[in-house]
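Asker: with the sequence up front, the predicted model follows.
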Amino acid sequence: MYGFEALTFNIHGGFLEAIVRGHRSGLLTAADYNNLSQCETLEDIKMHLSATESVKKMYGFEALTFNIHGGFLEAIVRGHRSGLLTAADYNNLSQCETLEDIKMHLSATEYGPYLQNEPSPLHTTTIVEKCTLKLVDEYKQMLCQATEPLSTFLEYITYGHMIDNVVLIVTGTLHERDVHELLEKCHPLGMFDSIATLAVAQNMRELYRLVLVDTPLAPYFSECITSEDLDDMNIEIMRNTLYKAYLEDFYRFCQKIGGATAEIMSDILAFEADRRAVNITINSIGTELTRDDRRKLYSNFGLLYPYGHEELAISEDIDQVRAVMEKYPPYQSIFSKLSYGESQILDKAFYEEEVKRLCLAFEQQFHYGVFFAYMRLREQEIRNLMWISECVAQNQKSRVHDSVVFIF
Amino acid sequence: MVGSSSSWSAALVHISPYTFAAIGIAISIGVSVLGAAWGIYITGSSLIGAAVKAPRITSKNLISVIFCEAVAIYGVIVAIILQTKLESVPSSKIYDPESLRAGYAIFASGIIVGFANLVCGLCVGIIGSSCALSDAQNSSLFVKILVIEIFGSALGLFGVIVGIIMSAQATWPSKG
């Protein structure tokens, strides 16, 4: 009798039917095919296929096992977060008259031990350097106690600085600056052993062969090895290509970890990718960068992917960019403030949005996003301190609030 | 008495009730202690890390660890009660329904207590970890989150109560 199978089917067939339905849920989805079709080599395909099983981790049960390896460090990083400067601190600092006052105010905060031995007269670069040193110390303490996959995650956070350092040294060498002077300007988080050898390279192929093949940045270079000589334009393109590859790699890594980390980091990295797309577009308006080249610099994830990228690639001025971005609700509020097209306001608006999302990462427990969020918030704080110090040193205290982003 | 042609029920009924009782006692203490230990390490690792920046939280947050430990103590108490219920029965009566009932009652009691304490320990441990981290940032949050923990530890108590009621039914046939 058709229709009454349900009464007796499961005696013999129920178990196997459930098994085959379980297998069916493992079939690749459209998202998986999209990822696979963007692979460059068969190794990438292999990596994607091995990731498809592990991403099906149960989201919500990290609490049971996260603390085995990550509990202590998560608590440490949350302790560090409580030491971030608040709005009251920034108000005090912005009322200082001289850099000595700033040093005195900062000695009451966690930066005290780092600044107290500095001789006067103080420079703004010294303040920034010492604050960065504190961040680097905290990072190194966390890195040496971390196990996999947290240690790889923490290392990924620094690759962006490595890319910036490489570009700094190459650009400086192009403009005939001294290598040691450039090395001092490099960000300490992005240092690696053979960084000084970068000054010797004449074109990108040499750059890769001599120095970068031994660094973690090596896999990001496959898209930009050409024999062209290094000039300013090519270096910027190289920087953006490397950063694009780094963001995509980081995104894939977070997806592979799965769970709350994947969820939270996807949001933060998607915003980063979108922000870079907008900045690339605005900075390349009026230059010789073709539309195709511009499209190649956009990352393949994020809210703007793929339709926003199509529209941004053909934008020729800021109003067109604004028209594109206002179609996306999260960015509408940012771009509606931009009525007279000043790019400084855009930078500050993006920083504010980023800080908002980073603070949200602390709302959940048992994931790695808090480490990334903390590093970024500290960097924002150092940017704030640099701005305030510069304003005070140049006696332009009225402009202090132009660029300071309050974190709390 | 069940028909001897049904193989599964015959097999189950011929397992000695002492086996079931002993396994029940083992589960009650073993799984309870697993839950307590799991909860303690979840809380402890967060507590140690948070105390680096905020040393004042250590003494108050030991309460979370004590709540987890209480879960293990429930397991021990019930195991001791259960083992006093294990009596010898003459071998002619070992497979009587009365005997089987007593054996199953002790087994069930052990499972109830064991698994209730497992999830209770986990629950209290996770809340304790969040409690330590929140207390380090803002000390007014401690008491509020402690209330959540108290509700969580009630789960273990429910298990113990039902387990003890179950075990009261474990009357073996008298020797006469």
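Answerer: Looks like it arrived, so ask away. Here the structure is a predicted model, which means the values were calculated and not measured. Numbers count the residues shown, from 1 in each chain, chains lettered A, B, ... in the order given.
Asker: now residue 167: closest residue in space that isn't a chain neighbour?
Answerer: The chain I'm using is chain A. residue A:239 (4.5 Å; C-beta to C-beta, 6 or more residues apart in numbering or on different chains). For every residue, glycine as well, the C-beta is placed using N, CA and C.
Asker: switch to chain B, please.
Answerer: Nearest residue to residue B:167 in three dimensions, chain neighbours excluded: residue B:109, at 4.2 Å (C-beta to C-beta, 6+ apart).
Asker: next secondary structure after the helix or strand where residue B:134 lies?
Answerer: Using DSSP states H and E, the element containing residue B:134 is helix B:97-137. Counting by DSSP H and E, the next helix or strand C-terminal to helix B:97-137 is helix B:141-167.
Asker: which parts of that following helix are buried?
Answerer: Using 16 or more other C-beta atoms under 10 Å in any protein chain shown as the test for burial, helix B:141-167 gives B:142, B:145-146, B:149, B:152-153, B:155-156, B:159-160, B:163-164, B:166-167.
Asker: spell out which parts of chain B neighbour chain A.
Answerer: Within chain B, the residues that sit near chain A (C-beta under 8 Å from any C-beta of the partner chain) are B:38, B:41-42, B:45-54, B:122, B:126, B:129-130, B:132-133, B:136-137.
Asker: how many neighbours does residue A:212 have?
Answerer: Neighbour count of residue A:212, defined by other C-beta atoms under 10 Å in any protein chain shown: 24.
Asker: on that earlier part again, quick one: which of the buried residues of helix B:141-167 is nearest residue A:7?
Answerer: Nearest to residue A:7 among those is residue B:166, at 35.1 Å by C-beta to C-beta.
Asker: that closest one against residue B:105, yeah?
Answerer: Yes: shown here, residue B:166 and residue B:105 form a contact pair, counting by C-beta atoms under 8 Å, at 5.5 Å.
Asker: still on that earlier bit, give me the phi and psi for the residue nearest to residue A:167.
Answerer: Dihedral pair for residue A:239: phi -60, psi -50, per degrees, to the nearest 10.
Asker: again with residue B:63
Answerer: Note on residue B:63: its backbone torsions stand at phi -60, psi -40 [degrees, to the nearest 10].
Asker: next helix or strand past the helix-or-strand element of chain A with minimal mean pLDDT?
Answerer: Here the helix or strand of chain A ranked lowest by mean pLDDT, DSSP states H and E is helix A:42-54, holding a mean of 57. Proceeding C-terminally, helix A:42-54 gives way to helix A:66-81 as the next helix or strand, assigned by DSSP H and E.
Asker: now the angle from that next one to helix B:97-137?
Answerer: 20 degrees (axes from the mean of the first three to the mean of the last three C-alpha atoms, to 10 degrees).
Asker: buried ones in helix A:66-81?
Answerer: Result for helix A:66-81 [16+ other C-beta under 10 Å]: buried residues A:66-67, A:69-81.
Asker: ok, residue A:171 - contacts?
Answerer: A:232, A:235 (C-beta atoms under 8 Å, 6 or more residues apart in numbering or on different chains).
Asker: repeat that with 6 Å
Answerer: If you count contacts by C-beta atoms under 6 Å, 6 or more residues apart in numbering or on different chains, residue A:171 has them with residue A:235.
Asker: and the gap between it and chain B?
Answerer: Residue A:171 sits at a distance of 40 Å from chain B (criterion: C-beta to the nearest C-beta, to the nearest Å).
Asker: and if you look at residue A:135?
Answerer: Going from residue A:135 to chain B by C-beta to the nearest C-beta gives 16 Å.
Asker: mind checking the SS state of that residue?
Answerer: helix (DSSP: H, G, I helix; E, B strand; the rest coil).
Asker: so what's it up against?
Answerer: residue A:378.
Asker: kindly export the helix or strand bottoming out on mean pLDDT in chain B (C-alpha atoms) in CSV.
Answerer: In chain B, the helix or strand scored least confidently by mean pLDDT, DSSP H and E is helix B:7-13, which has a mean of 86. Below are the C-alpha coordinates for helix B:7-13, written out as CSV (Å, rounded to 0.1, in the frame of the first residue of the first chain):
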residue,chain,number,x,y,z
SER,B,7,17.3,-14.1,22.7
TRP,B,8,17.9,-10.5,23.7
SER,B,9,15.7,-10.5,26.8
ALA,B,10,17.0,-13.9,27.9
ALA,B,11,20.6,-12.5,27.6
LEU,B,12,19.8,-9.4,29.6
VAL,B,13,17.9,-11.2,32.3
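Asker: thanks again, I'm all set now.
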